[in-house]
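Engineer: A predicted structure for the sequence below; I have some questions about it.
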Amino acid sequence: MALAKSVVATVALLSLAGPALAEDVKKKQASGAFEVELSPVSEKGESPARMVLTKSFTGDLIGTGTGQMMADANKTTGARVYVALETITGSLNGKQGSFIVTHHGTMTKTSQNLSIEIVPDSGTDELSGITGTMAIQNVDGKHSYTINYSLPDS
């Protein structure tokens, strides 16, 4: 019964979406490289640590990212976590605007998980309506990204 109500609610919301219905959305991918600078804002030894992040993107995304990050670790067990909010501004596959992403990463001695999501309804200008996810890689200190996203037709 709860599932049926959830499906009905979802269908009702989609019917209100207007031009952003599933058939009007184009799925795209963007990739490239970025440089990141982290500047501590917390006091030495403060837990969790707080940092300002600044990124410069090249490739399919040409622009900048600015945000704040918090991170913490358990030195005994090796568990680590970070969360961040970042606003990305620039040109994504030729479309101008900005959007917000949220980061959540955890790591143990044996596993790691990173989730970066574009905040729904955070897009501006030509990126209005953007949804999707971002993956980042760090290989030998070189950072790269892949963004899988959708935009409503104009």
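Structural biologist: Now that the structure is in, tell me what you want to look at.
Engineer: what sits opposite Lys27 in the beta ladder?
Structural biologist: According to DSSP bridges, the residues that bridge with Lys27 are Ser150.
Engineer: Also Ile62?
Structural biologist: Listed by DSSP bridges, the beta-bridge partners for Ile62 are Ser91.
Engineer: In terms of pLDDT, where does it sit?
Structural biologist: Ile62 carries a pLDDT score of 98 in this model.
Engineer: cool, and Met1?
Structural biologist: Per-residue confidence (pLDDT) for Met1: 38.
Engineer: Just the strands from this protein, written as ranges.
Structural biologist: Across the chain, reading from the start of the chain, the strands by DSSP state E fall at 25-40, 49-59, 61-74, 79-92, 95-107, 112-118, 131-139, 142-152.
Engineer: Thr131 versus the residue most central in space within the chain, what's the distance?
Structural biologist: Nearest to the geometric centre of the chain sits Val101, at 3.2 Å (CA atoms, centre = their mean). Relative to Thr131, Val101 is positioned 11 Å away (criterion: CB to CB, to the nearest Å). Quick note: C-beta positions are derived from backbone N, CA and C, even for glycine.
Engineer: what residues do these two have in common as contacts?
Structural biologist: Between them, Val101 and Thr131 have Ile118 as joint contacts when contacts are counted by CB atoms under 8 Å, 6 or more residues apart in numbering.
Engineer: one step back: residue contacts, the residue nearest to the centre of the chain?
Structural biologist: Val101 makes contact with Gly65, Leu85, Glu86, Ile88, Ile116, Glu117, Ile118, Val119, Met134, according to CB under 8 Å, 6+ apart.
Engineer: Show me how to select, in PyMOL, the buried members of those residues.
Structural biologist: Entered in PyMOL, the line below selects the buried ones among the contacts of Val101, by 16 or more other CB atoms under 10 Å:
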select buried, resi 65+86+88+116+118+134
